[in-house]
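I would like the atomic coordinates for the input below:
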Amino acid sequence: MKTNKIIKTILVAVISLATITIYSKAVNIPNNANSISVQSQTPEVRILGMWIMENSPNDKVEFLANGQMKRYHGSSLLYIDIYSISNACGGDISGDNLLYLIQTDSEDGDEYCYVIVNGVYADNSEVLTLITEGQGKIIVYVRP
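Numbering: from 1, shown residues only. Below is the predicted model of the structure:
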């Protein structure tokens with residue numbers, strides 16, 4: 001009899017926890033523990049994985065831990081370049097604490113610099129916003 005009460009109590013607690021978790025994800029309430037862990041990660045870690053261009057869902061980019069950047073259109077791999085994140089671009093060090101995504105073309109070695117806006121989704125929005133150096137073009141990626 002006492003064992004049944006304990007089992008029922010545990011079952012109610014598990015169901016309540018599962019319900020709260022599902023509800024918080026459904027209404028997009030940030031999980032404080034998750035927010036803290038994301039904020040404590042470096043931009044080099046947060047950028048890893050697949051990103052989809054906001055205004056062109058067929059265009060995707062994947063950042064790998066080994067420094068490779070794979071660009072896709074649909075399911076077709078277009079190219080693989082090298083990337084890094086730095087506070088310097090083209091020999092100029094940012095005095096404004098800016099971070100740059102530096103893409104190195106695997107065919108000719110040309111470097112392309114993008115200003116990373118707000119770190120890498122530093123506000124936990126799962127958005128990666130880049131601004132092309134020199135042109136000022138804004139490129140927005142979101143997590144799939």
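
contacts and neighbour counts: CA atoms only from here.
Fine.

quick check: domain ranges of this protein?
The chain resolves into domains spanning 2-30, 42-142 when parsed by automatic domain parsing.

Tell me where the protein has helices.
Using DSSP state H, the helices found in the chain span residues 2-26, 32-40, 43-46.

quick revisit: can you flag the weakest of the domains of the chain by average pLDDT?
Mean pLDDT per stretch puts domain 2-30 lowest among the domains of the chain, at a mean of 41.

By residue count, tell me the biggest strand in the chain.
Counting residues, the longest strand in the chain under DSSP state E turns out to be strand 76-86.

Do I have it right that M69 meets W51?
No: in terms of C-alpha atoms under 8 Å, M69 does not count as a neighbour of W51; the distance is 10.9 Å.

Check the contact lists of the two and give me the overlap.
Among the neighbours of M69, those also in contact with W51 (C-alpha atoms under 8 Å, 6 or more residues apart in numbering) are V61, E62.

Please name the nearest non-neighbouring residue to I116.
Counting by C-alpha to C-alpha, 6 or more residues apart in numbering, the nearest residue to I116 once its immediate chain neighbours are dropped is L130, at 4.8 Å.

Please name the residues that touch the one you found.
Y114, V115, I116, V117, I138, I139, V140.

Buried ones from those, can you make that a ChimeraX selection?
Typed into ChimeraX, the line below selects the buried ones among the contacts of L130, using 16 or more other C-alpha atoms under 10 Å:
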select :114,115,116,117,140
